[in-house]
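>>> sequence and predicted structure, then a few things I'm wondering about:
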Amino acid sequence: MNFRLLGNRVNPPFSNTFTSAPHVVSFKPVNNCDMNASFFDKHSIRLIQAPMAGSQNHRLAAAVFFAGGLGSIPAAMLTSEQLQNELTAFKDAIAAEKRKVNAAAVQWGEFLPVNVNFFCHTPPTEQLEKEAAWRQQLTPLYQAHGIDPQSVGSGLGRAPFSEESLKLMGQFKPTVASFHFGLPKAEWVQQLKSWGLQIWSSATTVQEAQWLEQQGVDAVIAQGLEAGGHRGMFLSEDLSMQMGCLALLPQIIKAVKLPVIAAGGISTAAAVSAAKALGANAVQVGTAFLTSHEATTSALHRQALMSDAAKHTALTNLFSGRPARGIVNKFMRDFGPLNPEAPAFPLATLAVAPLRAAAEAKGLSDYSPLWSGQNASDCQALPAADIAHKLLQGWA
């Protein structure tokens, strides 16, 4: 399968290897659809703010919660200490507003009303030769920006769910623990469920949704091809199997007996209404919140999201090693958005980091991952609460 950016060369097929199947042993789901759906009904959860690593912290999650949605805290790029600090800060923010949200807070009991999201990929083995070859290709760029190629670091950059993560979940008891790229170890999933946490995970195909149901998740996030950021795909690397949200959503709803959350390209009340009409129990929205006041999105990223550049997005593996949707920039044009020579996820991350820093210092986003869904046309610089209220009108 070939991929082309208009006006540029055809890229070789994406060939980074995914794990053929996550290392989870199946166990029987403990809830049926009606029992799971009652969770969404009980808490009136219809809007989930998508976890966006690198572009948000607890402030956005709290703002969305106060506005009637469920906020998320992304953990993939945080150390255990940083995650603990984020969860503590979120807990303090809720306590500070307890008079305003007292009625809502009571129904959550001992649980922290937030979704904490983790990656659960299997870290790749060393790819010293491939990393060296990739850095060799990038050497002219390093030299053009005054970067010593020998100073460019290597490493994973993003960590999967771990035993330390599990301990923090037991300590803080967030309402939801959600996952990208499948699920972590079965015993960890069972431990989370024994504490009463909801377990959600992303599915990009019907097969992935069915696999997740077999592992006992409480809800499936149907991630359409329009979604910004990393694809949650984990059973196959075949991008031809990926489909848009409005095609994927009804197929997953038909295939599983679980609540399904629609994600991808949802940025307006009308899109929320469409997802509801197709049977979604809730929607997950990311791109629309990237330009909110509470997001930590960089100025260059915000500028791109609110410009005509956002009309052209593509899946790329250049920034991390896995397909992720972002606004097309110079790096993607010059090297092709999907380049099989890029190291596997997440080894590709550090190779581009110094180029990004050098370009951003000059006010350029040539080497920045400008994550965005396919519809950023409604991105506005507004408080997150205003964005949430507009979206929730679509569920009324």
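Received the coordinates, thanks.
>>> so who does Ala280 touch?
By C-beta atoms under 8 Å, 6 or more residues apart in numbering, the residues touching Ala280 are 222, 249, 253, 260-262. In short, each C-beta sits where N, CA and C put it, glycine included.
>>> ignore what I typed, I meant Gln251.
Residues near Gln251 by C-beta under 8 Å, 6+ apart: Val206.
>>> could you grab the helix/strand/coil label for it?
When the structure is split into helix, strand and coil by DSSP: H, G, I helix; E, B strand; the rest coil, Gln251 lands in helix.
>>> from Leu239, how far off is it?
As for Gln251, its distance to Leu239 is 17 Å (criterion: C-beta to C-beta, to the nearest Å).
>>> what's the answer for Val285, then?
With distances defined as C-beta to C-beta, the gap from Val285 to Leu239 amounts to 23 Å.
>>> over to Gly170?
37 Å.
>>> so who does Ala275 touch?
When the contact criterion is C-beta under 8 Å, 6+ apart, the partners of Ala275 are 245-246, 249, 262, 266, 283.
>>> rewinding a little: now the contacts of Ala280 in CSV, with neighbour count?
Formatted as CSV, the entries for these read as follows, by neighbours: other C-beta atoms under 10 Å:
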residue, neighbour count
Ala222, 35
Leu249, 24
Ile253, 22
Val260, 29
Ile261, 28
Ala262, 31
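>>> between which two of those residues is the distance greatest?
In terms of C-beta to C-beta, these reach their longest pairwise distance at Ile253 and Ile261, which sit 10.7 Å apart.
>>> what about the stretch 251-396 of the chain, any weak spots by pLDDT?
Nowhere does the stretch 251-396 of the chain drop to pLDDT under 70.
>>> tell me where it has helices.
Counting by DSSP state H, counting those that start in this stretch, the stretch 251-396 of the chain has helices at residues 269-277, 299-305, 330-335, 349-361, 384-392.
>>> and for the stretch 101-250 of the chain?
Taking DSSP H, counting those that start in this stretch as the criterion, the stretch 101-250 of the chain carries its helices at 128-144, 163-172, 186-194, 206-214, 245-255.
>>> closest to Asp334 out of the ones you listed?
By C-beta to C-beta (comparing all of the helices of the stretch 101-250 of the chain), the closest turns out to be helix 128-144, at 8.7 Å.
>>> can you give me the angle that closest one makes with helix 349-361?
Using axes from the mean of the first three to the mean of the last three C-alpha atoms, to 10 degrees, one finds that helix 128-144 and helix 349-361 are set 10 degrees apart in direction.
>>> what lies in contact with helix 128-144?
Outside helix 128-144, the residues that touch it by C-beta under 8 Å, 6+ apart are 148-149, 152, 154, 335, 341-344, 347-348, 351-352, 354-355, 367.
>>> give me that answer again for 10 Å
16, 124, 127, 147-152, 154, 318, 321, 330-331, 334-335, 339-344, 347-348, 350-352, 354-355, 358-359, 366-367 (C-beta atoms under 10 Å, 6 or more residues apart in numbering).
>>> what are the buried residues along that helix?
130-131, 134-135, 138, 141-142 (16 or more other C-beta atoms under 10 Å).
>>> residues touching the residue nearest to Gln84 when sequence neighbours are not counted, list them.
Among residues not flanking Gln84 along the chain, Leu168 sits closest, at 5.9 Å (C-beta to C-beta, 6 or more residues apart in numbering). Residues in contact with Leu168, defined by C-beta under 10 Å, 6+ apart, are 75, 80-81, 83-84, 86-87, 116, 162, 174.
>>> okay, now the closest residue to Thr175 other than its chain neighbours: neighbour count?
On the basis of C-beta to C-beta, 6+ apart, the spatially nearest residue to Thr175 that is not a chain neighbour turns out to be Phe111, at 4.5 Å. When neighbours are defined as other C-beta atoms under 10 Å, Phe111 has 16 of them.
>>> settle it for me: which of Val285 and Leu239 has more neighbours?
Neighbours were counted for Val285 and for Leu239 using other C-beta under 10 Å; Val285 has more, 26 against 17.
>>> who does that one bridge with?
When bridges are taken as DSSP bridges, the partners of Val285 come out as Gln49.
>>> quick one: it from Ile94, how far?
21 Å.
>>> over to Ser307?
As defined by C-beta to C-beta, Ser307 lies at a distance of 35 Å from Ile94.
>>> let me know whether Pro51 touches His180 as I believe.
Yes. Contact criterion C-beta atoms under 10 Å: Pro51 and His180 qualify, at 8.3 Å.
>>> now the common contact residues for the two.
The overlap between the contact sets of Pro51 and His180 (C-beta under 10 Å, 6+ apart) consists of 74, 76, 117-118, 229.
>>> which residues does Pro123 contact?
The contact partners of Pro123, by C-beta under 10 Å, 6+ apart, come to 156, 158-160, 344-347.
>>> where does pLDDT dip in the stretch 51-200 of the chain?
For the stretch 51-200 of the chain (pLDDT under 70), the answer is 98-107, 155-157.
>>> count the residues that sit near Ser44.
Around Ser44 sit 15 other residues, with neighbours defined as other C-beta under 10 Å.
>>> please renumber the chain so that the first residue is 779 from this point on.
All set: I'll call the first residue 779, so the last point we hit is now Ser822.
>>> measure it to Leu970 for me?
Distance, Ser822 to Leu970, by C-beta to C-beta: 23 Å.
>>> Thr1094 now?
Distance from Thr1094 to Leu970, by C-beta to C-beta: 32 Å.
>>> these two: which is more packed in?
It is Thr1094, of Thr1094 and Leu970, that has more neighbours when counted by other C-beta under 10 Å, with 30 against 22.
>>> all set now, cheers.
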